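J.: Provided below are the primary sequence and the corresponding predicted coordinates.
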Amino acid sequence: MAILAVLVVRLGAEPFVEGLRRTDPVALAVAVAVTAVTTACCARRWSLLASRLGVAVPFGEAYRAVYRAQLLNATLPGGVVGDVHRGFRHGRRSGAMGRALGSVAWDRGSGQVVQAAMAVAALPLLVPLGGWAVVLPAVVLVLVVGVLARGGVWPQVLVLSAVAAGGHVLVFVVAARTAGVTAATYELVALGLLVLLASAIPLSVAGWGPREGAAAWVFGAAGLGAAAGVQVAVVYGVMSLVATLPGMLALREPRTARGGVAWASGPTSS
């Protein structure tokens, strides 16, 4: 809230209002479609890691749970309530609370590590480094692949995380174009990775706060204007919120005829 208050004092309410005004149905439809894919990637990643830890979760249930978690993250303070919720529910069902919560921690953590590596690799796109603009991203990505490829499921986790992060960046680029930003696409990709990395900080109010602050800072540093950054962040925030609304369908769990949950996974080996 303090970040938002500072932005309003420094930039006025116009960037926020303009961002809301510019958001259109086409952008929202793109966000919904792309998020359906990124959610599938995250669900598959969690399913793989949970199985690895001996608390398997079927993909269909993982898909519903991740959608529900995204909705809760986007509507409740902190930005991680949904993930804690899905870990807790899975722990109760599997009978292994520690490993179930650990599977969610590994899921979220691995995604953040890959996204951070992508952000570092994209930094040369914002700074004229000559030949290093090509060499440095390649070196970073090779190092990440080398580290994550040491385990059986890690290559899949890497690919799924990269696709999910790429989907979020695509939504960010669409938000920037919707907001009227005309910067080169590669520059928006780099800026988007930095903003999304900041938005993962669990200190937001329903997703708002660090994202807008980071957008104002990086867009200002890139010469595009802090107000433009806030406007893009607002458009992205609205798009992201609408894209999580399918999670409402997963708020109520399916039940069996006997009143139990539709599935229950006990400890398994992988």
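T.: In hand now; what should we look at?
J.: Going by neighbour count, which residues in the helix or strand containing Arg89 are buried?
T.: Assigned by DSSP states H and E, Arg89 belongs to helix 81-94. By neighbour count with 16 or more other Cβ atoms under 10 Å, helix 81-94 contains the buried residues Val81, Gly82, Asp83, Val84, His85, Arg86, Gly87, Arg89, His90, Gly91, Arg93, Ser94. Any C-beta I mention is one placed from the backbone N, CA and C, and that applies to glycine too.
J.: same thing with stretch 174-182?
T.: So, applying 16+ other Cβ under 10 Å, buried residues of stretch 174-182: Val174, Ala175, Ala176, Arg177, Thr178, Ala179, Val181.
J.: Adding distance to Leu249, write those out as JSON lines.
T.: JSON lines is the format used below for the buried residues of stretch 174-182 (distance: Cβ to Cβ, whole Å):
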{"residue": "Val174", "distance to Leu249": "24"}
{"residue": "Ala175", "distance to Leu249": "24"}
{"residue": "Ala176", "distance to Leu249": "30"}
{"residue": "Arg177", "distance to Leu249": "29"}
{"residue": "Thr178", "distance to Leu249": "26"}
{"residue": "Ala179", "distance to Leu249": "30"}
{"residue": "Val181", "distance to Leu249": "33"}
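J.: surely Val173 meets Leu191?
T.: No. In this structure, Val173 is not within contact of Leu191 by Cβ atoms under 8 Å, at 9.3 Å.
J.: who's more crowded, those two?
T.: Each of Val173 and Leu191 has its neighbours counted (other Cβ atoms under 10 Å); Leu191 has more, 29 against 22.
J.: Now do Met248 against Leu241, distance only.
T.: To Leu241, Met248 is 12 Å away according to Cβ to Cβ, to the nearest Å.
J.: Going by residue numbers, what spans are helices in the chain?
T.: 2-11, 14-22, 25-52, 59-75, 81-94, 97-122, 132-148, 154-178, 185-199, 210-221, 226-243 (DSSP state H).
J.: Low-confidence stretches in the stretch 101-250 of the chain?
T.: Counting by pLDDT under 70, the stretch 101-250 of the chain contains low-confidence ranges at 127-150.
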